[in-house]
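Trainee: coordinates for the following, if possible.
(2 chains)
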Amino acid sequence: MKHRIFLTVIAISLIFISSCKKKEVKQLVPDDYKGWAMTATELTYPIPGHESHYRQIFINKIGENVKIEKKNGRVYYDYPRGTIIVKEIYPTLEPKKGDKPISLSVMIKDPDNPLSRDKWLWIVKNLKTGKEKVIDYEFCFDCHANANEPYPYGDGNKNGDFRDYVYFPYRK
Amino acid sequence: MNEVRPITRTVNLIIILSLTLGLGLTIVYFSYNQNVTLKTTTRGNLHQQADLLYQSIKNAMLPGNAPNAVSLFSDIKDINPSYEIMLFRAHGVQAFSDNATIETVNKNLDRQKFKLRSSPLENVIDISGDTRFKNSVAQRKTVAFEASESGRHFFTIYKPLLNLPKCTKCHGSDHTVRGVIKISSDITPVLDKQRINLAISGLIFIVVVFILTVILTRFFHRKIINPVKHIGEVCISVTNGNFSNRVSIPNRDEIGVLGETVNRMVEGLYERFQLSKFVSSSTIQSIRNKDRGARAEIAILFSDIRSFTAFSENLPPEEVVERLNGILSFQTDIIHRNGGDVDKYVGDEVVALFSGEEKEYRACKSALEIQQEVEADAGKRFGGLHLGIGINAGEVILGMIGSEERADFTVIGDHVNFASRLCDAAKPGQVIISENIYNMVKDRFKLSSPYKIKVKGKENYQKVFILEERVE
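Mentor: Down below sits the predicted model:
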């Protein structure tokens, strides 16, 4: 009898331990973004937040269906759920031919994710290690809030459209 | 037998332990929670205030008139002196301390937009060595921590101020973090409050445990332990042969009922004990041994009150019973003293048995002692009654005679009947003995002898003797 209790205890604790084992983390950023549409190509000037690196921006198919509406005199952009915007960060401001990006700055529209801020997941992917880090503190979205008012890049958003935190909006 | 471990100690221990554990855990839980709430709300408030400040600083900076922020800080400090708000450059030196930033801005704008300060600040604070500050800049992340400084406790937040796109026109695009806002609050009063909370909880705990322990211990003693002890004492005194003690427990609970049951039991025991005085020890012995029958050599004594029926007719029944009991127990005492057993009482008759060494002598001695005392009484104790006694000895059959439900220990046989006849033949005050007895005791008693009598059940005249007195 004692024996059986002992075995049961062991079995239960084994079940516990195995259920506690870390689940495989799902990769958030797809590898095939190179085939996506690009919103900006020649970003050769330094910017705070992404610093002195050459940058290219890609947007997935879902993101192409961005809804642009005028409400109360202001233009509102709304990227659909599942939108992924990938920004490649190259090692220098003037990369040579054949240079590969060192990291990706990524925004994924995922409002239900508890780590999302302003409806976006903010991710930095280190391409050397393949590690994806979700930034859930102010840093990214604090600056990207400026995309919803005039800024000194791209088209400058002179009218102060609500750009849904994206500096270089997708255009057909 | 194992040593008795007093239940009092165990009960007290259980009471104190359960109170301490139960109340202790509750109080620890609540005071801990209270302190945690106090701490988190204080911290939450500070974070919220830091956010608000951050937003207002961002806006204060907007017009390009950064020094507005400085007056904002001092305004806030005026309103709440327990706050300290400072702005640092990303490399750790207090902001607005010299003209470095103004010069950069003017250069970036390509004109003298801002006037240079005439005298740089004195006692400039530099926190570039603070690792928490460095972390905050490197990770572009808010860092919050607690630290003690000269006896006061501070909660501090380092919040990086980003070089937003709208700032780049003046400040350039070569850096991400413009500076760090330090918001520090003196939380010594909060900690003092926590400490006082803990002390009060501890005090309440001790007082409550003490009071409850006293109340509970007294309750247990009053309701359980003392009554049980009392019952124990009564049981001990009964064991020691004292039946006069009774349990008195006023409680109308299980223990009260137990007390009453014990009382009833003691009464029952007492009755049986009283009875056992009149029941021979061999009866008790044989009931114990469940004897079914045995032959034995014994001396049988029959004693009978003469004309008791006539005597009792003129008396109230209570007095009759009392008189009878008096005479019976007086005889029983003497019989017992001489090592005899009272086999039974049949009305006013006593049947006694003697066995073992000198059984005939002891039977005779008992008979003489009884007669001498009754005759010497002159009506005082025994109301002028007289006894007749007959003694015989021989082999008889002893045993439990009767049914399973009701059986009496009895002697049967010729010798028993003969003893009874001798008793019948004895005149008041006389002791008549058989020849068997005579042969054994003739040297030790003075006897008038021999007589011949005819008794029922015997063909021939029987030789009998009258016991006169003992020869010393």
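Trainee: hey, let's count contacts and neighbours off CA atoms from now on
Mentor: Fine.
Trainee: what ranges do the helices span in the chain?
Mentor: You didn't say which chain, so I picked chain A. For chain A, the helices defined by DSSP state H occupy A:2-20, A:61-64, A:139-144.
Trainee: to clarify, I was referring to chain B.
Mentor: B:7-61, B:67-79, B:100-109, B:131-138, B:165-171, B:188-220, B:226-239, B:254-278, B:281-289, B:308-313, B:317-337, B:359-376, B:414-425, B:435-441.
Trainee: out of these, flag the one nearest B:Thr156.
Mentor: B:Thr156 sits nearest to helix B:7-61 of all the helices of chain B, at 8.7 Å, using CA to CA.
Trainee: just to revisit the earlier point, for the helices of chain A, which one ends up most surrounded?
Mentor: Most buried of the helices of chain A, by mean neighbour count (mean count of other CA atoms under 10 Å in any protein chain shown): helix A:139-144, with a mean of 19.
Trainee: OK, contacts around B:Val411?
Mentor: Taking CA atoms under 8 Å, 6 or more residues apart in numbering or on different chains, we find B:Val411 in contact with B:Val396, B:Ile397, B:Leu398, B:Gly399.
Trainee: repeat the analysis, applying 10 Å as the threshold.
Mentor: The neighbourhood of B:Val411, defined by CA atoms under 10 Å, 6 or more residues apart in numbering or on different chains, consists of B:293-296, B:298, B:300, B:343, B:351, B:353, B:395-401, B:417.
Trainee: returning to that earlier point: out of the helices of chain B, flag the one nearest A:Leu43.
Mentor: helix B:165-171 (14.6 Å).
Trainee: so does that closest one get close to chain A?
Mentor: Yes: residues of helix B:165-171 contacting chain A under CA under 10 Å from any CA of the partner chain: B:Pro165, B:Lys166, B:Cys167, B:Thr168, B:Lys169.
Trainee: neighbours of the residue in chain A that chain B sits nearest to, how many?
Mentor: Nearest residue of chain A to chain B, counting by CA to the nearest CA: A:Pro48, 4.3 Å away. When neighbours are counted by other CA atoms under 10 Å in any protein chain shown, A:Pro48 registers 20.
Trainee: got a list of what residue 34 touches?
Mentor: Since you didn't name a chain, this refers to chain A. A:Lys34 is in contact with A:Ile57, A:Phe58, A:Ile59, A:Asn60, A:Val86, A:Glu88, counting by CA under 10 Å, 6+ apart.
Trainee: chain B, not that one
Mentor: Shown in contact with B:Gln34 (CA under 10 Å, 6+ apart): B:Val28, B:Thr40, B:Gln194, B:Asn197, B:Leu198.
Trainee: how about B:Pro165?
Mentor: A:47-49, A:143-144, A:146-147, A:150-153, B:171-173, B:176.
Trainee: filter the residues you listed down to the buried ones.
Mentor: The neighbour count (16 or more other CA atoms under 10 Å in any protein chain shown) marks A:47-49, A:143-144, A:146-147, A:150-151, B:171-173, B:176 as buried among the contacts of B:Pro165.
Trainee: any idea how far the closest residue to chain A within the stretch 151-300 of chain B is from B:Thr101?
Mentor: Per CA to the nearest CA, B:Thr176 is where the stretch 151-300 of chain B lies closest to chain A, at 4.3 Å. Separation of B:Thr176 from B:Thr101 (CA to CA, to the nearest Å): 15 Å.
Trainee: same deal with A:Asp155?
Mentor: Distance from A:Asp155 to B:Thr101, by CA to CA: 29 Å.
Trainee: more crowded one of the two?
Mentor: Between A:Asp155 and B:Thr101, counting by other CA under 10 Å, B:Thr101 is the more crowded of the two (17 against 11).
Trainee: sweet, I'm off.
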